[in-house]
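Undergrad: need a structure here:
(2 chains)
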Amino acid sequence: MNQPMLEDSPYLPKWAEITRIEQLTESEKLFEMRLVSGEPLGHTSGQFVELSVMGIGEAPISISSAPTENDVFELAIRKVGNLTTAIHSSVTGDRVGIRGPFGTHFPVEEAKGKDLLFVAGGIGLIPLRSFIRFVLDHRDEYGEVMILFGARNPSERLFLHELEQWEKREDIIYLDSVDKSGPGWKGNVGVITTLFSKIHVDSSRTYCIVVGPPVMYRFVILEAKAKGIPDRQIFLSLERKMKCGIGKCGHCQINHLYVCQDGPVFRYTDIFDLEEAL
Amino acid sequence: MKLRLIEKSDLDLFVQNLINDYQVDGVKRKEGSFLYGSIKSPEELCLDFDCTVIPPKKYFLPPEETLFQFTSSPALQVTPVMESNPFILFGVHPYDIKAINQMDRIFARGVPDPHYLKRREAALIIGVDPTKVAPRSFWADMGAATVSEGFDLMLTDIGESFIVEIGSNKGRSLLEQHAKPRPATRNEARERVGIRSRISHICKKRGFAFPKREIPTLLEHSWKKFFWEEQASKCLSCGTCNLVCPTCYCFDVQDNIDLDLVHGERVRRWDGCLLHDFAKVATGENFRETRASRYRHRFYRKGLYLFRLLDDMACVGCGRCASACLPDIADPVNLFNKLREDEK
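TA: Next up, the predicted model:
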């Protein structure tokens, strides 16, 4: 057994400073951060970090910025538990702990030259935005780009400014919908799967990347399959209670897989018959 | 293999010599039960126990341990914490050594966990062959009656003396410096074989009604059975089976903060997959909401998930879960036999 060094403790966080905070919706805020050491976070789209506030604890948070913006990174966070409530009360200049990035990433390389169909439900847009932004920064390296975004109601739509830009762009298709309409909403109403009838895909060259609440996957996968997209070109990001980030603590286990290491991004063919996964 | 021998009359001196030089922990009797604890004098040490209440995992993965201390003001600061004082663990049965060997692999694989590994590195393990079998034990059927590694010394009671097998160089010098061993004769070595086979035979009275290598396959076909609901309907979700299991190592990471709200520590604590909130995330979604799903998860983890990782079941047959479970639904022997019966 090699003598492990204490400095190598995988539980020690690095410090990051909050450089900008933006209120996205009533319950979500975007936090732009920079590692105090000056080094880049070094993530690939789809990965997550363990964010900690000393005295409160740690929680897994997906990275929302593209790796291309590499001196800062962004975490968009819904205020929902102890840690996220604490981080929501922090201000610019505050320091937080970061461990990671952890886990697998979206098929950033594999999908080069191919078409991309992004399907985001609610705050599933947060991790997906990282890949979307990367693709838009490298637009000529990918084929057709389609983005489908569904939210429960208009007030839960995030990144409004970006959604507007995506809608305007000629080189991508952006469609969205809300489950339940609200004041001033003139767009589509209906669950996200209703948007599939509005798009045409060249199935054999399309990669479908899906992130949303657990209940959404089964239905979106059916739509993707109906479009003829091969199972091995469907990717999903699964949410679980990732705690240690290094495949030990057991909280994120699905069968023999650890979402923190073997996920959170999975190829559909790797998990389609896995109990408890979908 | 060269075996040594120490007379029983010399054992107390050996233990006393160890106590003089080391922190020694071992099995003590308490109100009819056996517990690991600090040994301050040789007469406290019990070597003829059947099974301890809590396995020795607590020495390497304590119920709660500090990972680092922090100060949040005026400037954020963390001080890593690592306690790893050399100590001797005296009196560990082979099945528990097997469990420790599995944990060593788990904590060393992938990203190594230095908090565990340093504690492990600091320990000298003196094993002892069981002389009694606990009512619910089935370690013989789990292939854990003997181990070939994971100990520094291994003692076997052969009546008037103990046969000592040396498992490491550290063990060898410990023995030579603190006891008066002599080489064991061929007859004495043979006696060890006989004693081991007799105790194994007694233990084999409990076991699976089919070859245990079939368990992973059995589980592969058993996911959707009503069986799990039926069994788990009695489950209290108390997590006791996790607590007493030598191969359960799941933990939670939490912060303890002092009353000044400035100083505190990040700790890890034992957690258990049978507890309701184990797989629950902050949004309220619980990925194993039902008792049946949590109950089933534990047996799948032992018999299939960790089997894929270790190429061996993560159960050593100590039977602690069976004796500790109030509604008595945790016993792997009963469970797998029933499951197999159901299969037919």
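
Undergrad: Tell me how many other residues surround the residue in the stretch 51-200 of chain B that chain A sits nearest to.
TA: Here the stretch 51-200 of chain B gets closest to chain A at one residue, B:Pro114, 3.5 Å apart by C-beta to the nearest C-beta. From N, CA and C alone the C-beta is placed, and that goes for glycine too. Neighbours of B:Pro114 under the rule other C-beta atoms under 10 Å in any protein chain shown: 23.

Undergrad: Same check on A:Met216?
TA: Using other C-beta under 10 Å, A:Met216 is surrounded by 21 other residues.

Undergrad: near chain B at all, the helix or strand where it lies?
TA: Per DSSP states H and E, A:Met216 falls inside helix A:214-226. Yes. Judged by C-beta under 8 Å from any C-beta of the partner chain, helix A:214-226 and chain B are in contact via A:Pro214.

Undergrad: What's the per-residue pLDDT of B:Phe226 here?
TA: Listed pLDDT for B:Phe226 reads 88.

Undergrad: Where does the record place the domain boundaries for chain A?
TA: Structural domains annotated on chain A: A:6-101, A:115-237, as defined by automatic domain parsing.

Undergrad: gap between the first one and the chain center?
TA: Between the centre of domain A:6-101 and the centre of its host chain there is 14 Å, according to C-alpha atoms, centre = their mean, to the nearest Å.

Undergrad: swap in the longest one?
TA: Taking the mean C-alpha point of domain A:115-237 and that of its whole chain, the gap between them comes to 12 Å (C-alpha atoms, centre = their mean).

Undergrad: right, and the secondary structure at the residue in the stretch 201-344 of chain B positioned nearest to chain A would be what?
TA: Residue nearest to chain A within the stretch 201-344 of chain B: B:Ala282 (3.0 Å; C-beta to the nearest C-beta). Assigned by DSSP: H, G, I helix; E, B strand; the rest coil, the conformation of B:Ala282 is coil.

Undergrad: Kindly tell me how buried it is, as a neighbour count.
TA: Count around B:Ala282 with other C-beta under 10 Å applied: 16.

Undergrad: buried stuff in the helix holding A:Met216?
TA: A:Pro214, A:Met216, A:Tyr217, A:Val220, A:Ile221, A:Glu223, A:Ala224 (16 or more other C-beta atoms under 10 Å in any protein chain shown).

Undergrad: CA atoms only: put that helix into CSV for me.
TA: Coordinates of each C-alpha in helix A:214-226 appear next as CSV, following Å, rounded to 0.1, in the frame of the first residue of the first chain:
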residue,chain,number,x,y,z
PRO,A,214,-36.7,12.2,-13.5
VAL,A,215,-40.3,11.9,-14.8
MET,A,216,-39.4,13.5,-18.1
TYR,A,217,-36.9,11.0,-19.4
ARG,A,218,-39.1,8.1,-20.2
PHE,A,219,-41.4,10.2,-22.4
VAL,A,220,-38.6,12.1,-24.2
ILE,A,221,-36.8,8.9,-25.0
LEU,A,222,-39.9,7.5,-26.6
GLU,A,223,-40.1,10.6,-28.8
ALA,A,224,-36.5,10.4,-29.7
LYS,A,225,-36.8,6.8,-30.6
ALA,A,226,-40.0,7.6,-32.6
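
Undergrad: what sits up against that helix?
TA: Here helix A:214-226 makes contact (C-beta atoms under 8 Å, 6 or more residues apart in numbering or on different chains) with A:117, A:119, A:121, A:124, A:150, A:191-193, A:196, A:208, A:210, A:212, A:231, A:234, A:236, A:238-239, A:268, A:278, B:285, B:287.

Undergrad: Quick one: name whatever helix or strand follows it.
TA: Next element after helix A:214-226 (DSSP H and E): strand A:234-237.

Undergrad: still on that earlier bit, among the buried residues of helix A:214-226, pick out the one closest to chain B, please.
TA: Checking the buried residues of helix A:214-226 against chain B by C-beta to the nearest C-beta gives A:Pro214 as the nearest, at 6.2 Å.

Undergrad: What does the pLDDT read for the closest one?
TA: 90.

Undergrad: One more: B:Ala75?
TA: 84.

Undergrad: Helix, strand or coil: sort out it for me.
TA: B:Ala75 - assigned by three-state DSSP - is coil.

Undergrad: Can you report how many residues neighbour B:Phe14?
TA: For B:Phe14, using other C-beta under 10 Å, the count is 23.
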